[in-house]
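Asks: quick one, fold the following:
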Amino acid sequence: DEGILKDLDAGAGGVVRSILEAEEMKGKEGESAYVHIAADGGGLKAKRLLLVGVGAREDYKAAQVSQFAGLVARTLRSRNVKSIGLVPRLEGGDAARAAKAAVEGAIIGLFEPDKYRTVEKEERSVERLTVVVEGADEEALRGSAERGRVVGESVNFTRDLANEPGAYMTPTIMAERAQQIAQEFGLEVEVLDQPQLEELGMGAFLSVARGSEQPPKLMVLKYMPDGKSSVGDGEEYLALVGKGITFDTGGISLKPGENMELMKYDMTGGATVLGVMRAVAQLKPPIPLLGVVPATENMPSGKATKPGDVVRAMSGKTIEVINTDAEGRLVLADCLHHAVEQGPERLVDLAT
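Replies: Sure, this is the predicted structure:
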């Protein structure tokens, strides 16, 4: 091979060529070879070398760079490596894209959902990640790596929200997290509570919340580009609406008990909108963005909506509820209507 791999082989005393010639690895996706390098190996400062297969050359794109980086980061952390030099080798001269994908993938790969573990908790951490690419100026690479960091951390923020048990991610707590990111990253935020939702006429949303002891919340976050204070008619304006059912039992139409613990994830659409808004606030795109996240539990109780009940949505349309486990469309119906009233040109909704 030519280029950086050839230089790496020379610096490591020929160990790369030795591994390939011995056919210890053939470059298949997920294959790896891990070696310790002798102090006088040939001038390479690194003490260890990890080679990772990424599959066919034509299939190796930015998404595969992210996967490769995540695998490398997790593998080396498990071996207590503190400093990693990552060489993604994405072809086509797209060094900046490779740097972004590598940083993003490494951060996502290092995410550990062990907050509540008391045994087998991951105590090791990677302290330094350096991405080595060819063919771009340092400033462009630095900017791309920074974008990768922002996206990777926002993905992990979303995963952290989604992984929280229902008791620790109530609508009130979710709204507090929305307010925290708005304050930290400079977003406009408004949190509407039950009396305000009633005033707006959100009968569909409130029919879902009725069975829960937890009060519903509606989070509305707004990003405006620098120098812009309002959005005119016809201007590009995007809205995201995300389902935030912090726990979904199905209501009176109760779900089976098996796997019901997974229904803590029924707020992942809303968590994704919060994660996107967190990233957007830092990446600063040129168009305004609206994020709308309704949050409630769907619980069975003496106050809960019953099959056959008729509710009135914010739009004025009446809805007969046949199955209370179809709560997502009720919540989203009102919140999509509310979002439309804010005047966005495009609308995207996210469920689970």
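Asks: hey, let's count contacts and neighbours off CA atoms from now on
Replies: Will do.
Asks: Val35: what secondary structure?
Replies: strand (DSSP: H, G, I helix; E, B strand; the rest coil).
Asks: tell me what it is bridged to.
Replies: Leu49 (DSSP bridges).
Asks: residues near it, how many?
Replies: Val35 is flanked by 14 other residues according to other C-alpha atoms under 10 Å.
Asks: check the gap between it and Val15 for me.
Replies: 8 Å (C-alpha to C-alpha, to the nearest Å).
Asks: can you check Ala271 too?
Replies: For Ala271 relative to Val15 (C-alpha to C-alpha), the value is 46 Å.
Asks: which residues touch the residue nearest the centre of the chain?
Replies: By C-alpha atoms, centre = their mean, the chain has its centre lying nearest to Val155, at 2.3 Å. Residues near Val155 by C-alpha atoms under 8 Å, 6 or more residues apart in numbering: 108, 272, 275.
Asks: 7 Å instead, please
Replies: Gly275 (C-alpha atoms under 7 Å, 6 or more residues apart in numbering).
Asks: that one belongs to a strand?
Replies: No: according to three-state DSSP, Val155 belongs to no strand; its state is helix.
Asks: can you give me the pLDDT of it?
Replies: Listed pLDDT for Val155 reads 98.
Asks: mind listing the strands for the stretch 151-300 of the chain?
Replies: For the stretch 151-300 of the chain, strands defined by DSSP state E, counting those that start in this stretch occupy the ranges 188-192, 217-223, 238-242, 244-248, 289-298.
Asks: contacts made by the first one with the rest, please.
Replies: To tie it back to what came earlier, the one meant is strand 188-192. Contacting residues not belonging to strand 188-192 are listed as 175, 179, 182, 217-223 [C-alpha under 7 Å, 6+ apart].
Asks: max pairwise distance over those: which two?
Replies: Lys217 and Tyr223 (19.7 Å; C-alpha to C-alpha).
Asks: buried sites along stretch 275-289?
Replies: 275-281, 288-289 (16 or more other C-alpha atoms under 10 Å).
Asks: report the contact partners of Val321.
Replies: 307-310 are the contacts of Val321 under C-alpha under 7 Å, 6+ apart.
Asks: related to what we said a few turns ago, looking at Ala271 and Val15, which is more packed in?
Replies: Ala271 (30 against 18).
Asks: you'd agree that one is up against Leu161?
Replies: Yes: between Ala271 and Leu161 there is a contact under C-alpha atoms under 7 Å: 6.3 Å.
Asks: of the contacts of strand 188-192, just say which sits nearest to Cys335.
Replies: Leu218 (8.4 Å).
Asks: any chance of the strands of the stretch 151-300 of the chain in a markdown table, plus mean pLDDT?
Replies: Formatted as a markdown table, the strands of the stretch 151-300 of the chain follow (pLDDT from 0 to 100):
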| stretch | mean pLDDT |
| --- | --- |
| strand 188-192 | 98 |
| strand 217-223 | 98 |
| strand 238-242 | 98 |
| strand 244-248 | 98 |
| strand 289-298 | 98 |
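Asks: among the ones you listed, which is nearest Asn80?
Replies: strand 244-248 (36.3 Å).
Asks: which neighbouring elements make contact with the closest one?
Replies: Applying 3 or more C-alpha pairs under 7 Å, 6 or more residues apart in numbering; DSSP states H and E, one finds that strand 244-248 makes contact with helix 268-283, strand 289-298.
Asks: okay, now the unreliable bits of the chain?
Replies: The model of the chain has pLDDT under 70 over residues 1-2, 39-42, 93.
Asks: which residues does the one helix or strand Leu51 maps to contact?
Replies: In this assignment (DSSP states H and E), Leu51 forms part of strand 48-52. Contacts with strand 48-52, where a contact means C-alpha under 7 Å, 6+ apart, come from 30-37.
Asks: what about 8 Å?
Replies: 27, 29-37, 68, 72.
Asks: ditto for stretch 69-79
Replies: With C-alpha under 8 Å, 6+ apart, stretch 69-79 has contacts from 50, 52, 84, 86, 88, 102-103, 105-110, 124-126.
Asks: buried ones in that stretch?
Replies: Applying 16+ other C-alpha under 10 Å to stretch 69-79 flags 69-77 as buried.
Asks: distance to Gly166 and secondary structure added to those, as TSV?
Replies: As requested, the buried residues of stretch 69-79 are exported to TSV (distance: C-alpha to C-alpha, whole Å; DSSP: H, G, I helix; E, B strand; the rest coil):
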residue	distance to Gly166	secondary structure
Ala69	32	helix
Gly70	28	helix
Leu71	30	helix
Val72	33	helix
Ala73	30	helix
Arg74	28	helix
Thr75	32	helix
Leu76	33	helix
Arg77	30	helix
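Asks: which of those residues sit farthest apart?
Replies: Most distant of those, by C-alpha to C-alpha, are Ala69 and Arg77, 12.1 Å apart.
Asks: how about the helices and strands packed on strand 244-248 in a markdown table, adding distance to Asp233?
Replies: Shown next, in a markdown table, are these (distance: least, C-alpha to C-alpha, whole Å):
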| stretch | distance to Asp233 |
| --- | --- |
| helix 268-283 | 22 |
| strand 289-298 | 15 |
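Asks: can you check which of the ones you listed gets nearest to Thr246?
Replies: strand 289-298 (5.3 Å).
Asks: can you add neighbour count and distance to Leu8 and give the contacts of strand 188-192 back as CSV?
Replies: Formatted as CSV, those follow (neighbours: other C-alpha atoms under 10 Å; distance: C-alpha to C-alpha, whole Å):
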residue, neighbour count, distance to Leu8
Ala175, 25, 50
Gln179, 19, 48
Ala182, 21, 45
Lys217, 24, 55
Leu218, 24, 54
Met219, 24, 51
Val220, 24, 51
Leu221, 25, 48
Lys222, 18, 48
Tyr223, 24, 45
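Asks: thanks again, I'm all set now.
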